[in-house]
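**Q** No sequence on hand, only this structure:
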């Protein structure tokens, strides 16, 4: 039972353009959602989060959008930079602290 | 540096063996989580401990067990190892004060079962 799905295993984008990473979920009990970034040989690091009562959260070049009716969230990176190349995981969280992660999307930003 | 320390970084062992993975959480964090990442899989939640007590259990096999000690470090024990147990095992910690919890991850232990 995959409660969080990232249907695109990979995404390739040109430097300076927008990267859009998508995530779908089935569990209506999630109170908030997070995006994590992971470089090789490192653990995932927190990027940005959004409460389930909001539809948008912005932090610099990173914006997360939440569409509750569609059970869909997306991460926009503008402008994309080569250093953004990494694996991106979305996750849903509940008040108990446990996060449920998607499978991840490999983002490659070409110079 | 997340502040979460995992040892060892790499572990190579044989089928049928038992190994112990260790995790030291960030200073002050009471919750410890264990996740498994296999090829083509996301981060699969195994188990969570809060201040020494088991709080939540995920898809953890009966051959696997964990505990959190009074100093808050945690160990994940994997026994009767099979080839399919080869994976990257992550530990994470959080303050678990309620609300939106950010988990801080260690750099993982790469387990190879031969």
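**A** Received, thanks. Please read these numbers as outputs of a predicted model, since none were measured by experiment. Numbering: from 1, shown residues only, chains lettered A, B, ... in the order given.
**Q** helices or strands up against the helix or strand of chain A with the lowest mean pLDDT?
**A** Taking mean pLDDT, DSSP states H and E as the measure, chain A has strand A:99-101 as its least confident helix or strand, at a mean of 92. Here strand A:99-101 touches strand A:86-93, strand B:43-50, going by 3 or more CB pairs under 8 Å, 6 or more residues apart in numbering or on different chains; DSSP states H and E. For every residue, glycine as well, the C-beta is placed using N, CA and C.
**Q** Just checking: what are the partner strands of the first one?
**A** Sheet pairing for strand A:86-93, assigned by DSSP bridges, gives strand A:32-38 (antiparallel), strand A:99-101 (antiparallel), strand A:105-110 (antiparallel).
**Q** how about the nearest residue to the closest residue to chain A within chain B, chain neighbours excluded?
**A** Residue nearest to chain A within chain B (CB to the nearest CB): residue B:105, separated by 3.3 Å. In space, and not counting its chain neighbours, residue B:105 is closest to residue A:43: 3.3 Å by CB to CB, 6 or more residues apart in numbering or on different chains.
**Q** Tally up the residues packed near the residue nearest to residue B:44 when sequence neighbours are not counted, please.
**A** Spatial nearest neighbour of residue B:44, excluding adjacent residues (CB to CB, 6+ apart): residue B:36 at 4.7 Å. Other residues within reach of residue B:36, judged by other CB atoms under 10 Å in any protein chain shown, total 24.
**Q** the strands in the chain, which residues?
**A** You didn't pick a chain, so chain A it is. In chain A, strands defined by DSSP state E lie at A:4-5, A:10-14, A:19-25, A:32-38, A:45-51, A:56-59, A:62-67, A:72-77, A:86-93, A:99-101, A:105-110, listed in chain order.
**Q** Not quite, go with chain B.
**A** Using DSSP E, strands in chain B cover B:5-7, B:10-13, B:19-24, B:31-37, B:43-50, B:53-57, B:64-68, B:74-78, B:87-94, B:104-105, B:109-113.
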